[in-house]
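Q: Model the following, please.
(2 chains)
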Amino acid sequence: GDSVTQMEGPVTLSEEAFLTINCTYTATGYPSLFWYVQYPGEGLQLLLKATKADDKGSNKGFEATYRKETTSFHLEKGSVQVSDSAVYFCALSDLTNYQLIWGAGTKLIIKP
Amino acid sequence: GAGVSQSPSNKVTEKGKDVELRCDPISGHTALYWYRQSLGQGLEFLIYFQGNSAPDKSGLPSDRFSAERTGGSVSTLTIQRTQQEDSAVYLCASSLGETANYGYTFGSGTRLTVV
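A: Numbers count the residues shown, from 1 in each chain, chains lettered A, B, ... in the order given. Okay, here's the model as predicted:
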């Protein structure tokens, strides 16, 4: 079945560092890919998404490119801030699936 | 409404009591999902509604858990005879259409503490 694998956390970085959170997937079809962010004490918010190969999703300085050849959707940000500290979830859906398939989440800690 | 609304935001209950958690999805969203998130953990799927029907209840952990949805809108998750292991954040999400391809919109969750 479809699955999503994220790098384990926590990931701890200093402010202004470059961020990469790895996400790879297994899917039989052509899924849409998502990154969600969960700030402390809150629900999940859609951060960005991509619906087809080579699409780049971007929001709030974060980017992720849908790479079909490597089945990846890595999240990147050039310069992180303390306010980016949160848990990040990668997810996929395909056209036949009513559910999002979730990664385990990666906790990001940014130190001043 | 503009977003997914969940109530209460926090609930403390005594072991053995019943609790009801409410979710009010975005107007027009036909799909509704309940998830559970224990402290520091990922998302545990509980149940999926399409309209008022629940084609997938496979995630409900025991027969103490039940959920209903009325009018294709508001949903209630009921936990009977609560146990301490039920303590978690319960998240509701809604989505447009019959696939998840549009993504979900989540509520802020209900933090349930069983003492």
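
Q: Could you use CA atoms for every contact and neighbour count after this?
A: Fine.

Q: With adjacent residues omitted, what lies nearest to the residue most central in space within chain B?
A: Closest residue to the average C-alpha location of chain B: residue B:34 at 3.3 Å, with Cα atoms, centre = their mean. In this structure, residue B:34 finds its nearest non-sequential neighbour in residue B:92, 4.6 Å apart by Cα to Cα, 6 or more residues apart in numbering or on different chains.

Q: go on, residue A:33?
A: Counting by Cα to Cα, 6+ apart, residue A:92 is the residue found nearest to residue A:33 once chain neighbours are left out, at 4.5 Å.

Q: partner strands of the helix or strand that contains that neighbour, parallel or antiparallel?
A: Using DSSP states H and E, residue A:92 falls within strand A:86-93. Taking DSSP bridges as the criterion, strand A:86-93 sits next to strand A:32-38 (antiparallel), strand A:101-102 (antiparallel), strand A:106-111 (antiparallel) in its sheet.

Q: one step back: give me every residue that touches the residue nearest to the centre of chain B.
A: Going by Cα atoms under 8 Å, 6 or more residues apart in numbering or on different chains, residue B:34 touches B:45, B:46, B:47, B:48, B:90, B:91, B:92, B:93.

Q: number of nearby residues for residue 61?
A: Just so you know, I chose chain A. Residue A:61 has 10 neighbouring residues, counting by other Cα atoms under 10 Å in any protein chain shown.

Q: looking at chain B here, not the other one
A: For residue B:61, the neighbour count with other Cα under 10 Å is 13.

Q: Would you mind listing the buried residues in stretch A:64-78?
A: Buried residues in stretch A:64-78, defined by neighbour count with 16 or more other Cα atoms under 10 Å in any protein chain shown: A:64, A:65, A:66, A:67, A:72, A:73, A:74, A:75, A:76, A:77.

Q: Stretch A:91-106 too?
A: A:91-94, A:98-106.

Q: Touching, the residue nearest to residue A:33 and residue A:36? I think so.
A: No. Using Cα atoms under 8 Å, residue A:92 is not in contact with residue A:36, being 10.8 Å away.

Q: What pLDDT does the model give residue 58?
A: No chain in the question, so chain A it is. On pLDDT, residue A:58 comes in at 97.

Q: Oops, wrong one, chain B.
A: 89.

Q: The helix-or-strand element of chain B with minimal mean pLDDT and chain A in contact?
A: Within chain B, no helix or strand scores below strand B:53-56, which has a mean of 90 by mean pLDDT, DSSP states H and E. No. Figure legend: strand B:53-56 not in contact with chain A (Cα under 8 Å from any Cα of the partner chain); closest approach 9.8 Å.

Q: Give the pairing partners of that strand; include direction for each.
A: strand B:44-50 (antiparallel).

Q: Quick one: residues in contact with the strand it pairs with.
A: Strand B:44-50 is contacted from outside by B:30-37, B:54-61, B:67, B:69, B:72, B:98, using Cα under 8 Å, 6+ apart.

Q: Make a ChimeraX selection of the buried ones in the residues you listed.
A: Here is the ChimeraX command that picks out the buried ones among the contacts of strand B:44-50, judged by 16+ other Cα under 10 Å:
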select /B:30,31,32,33,34,35,36,37,54,60,67,69,72,98
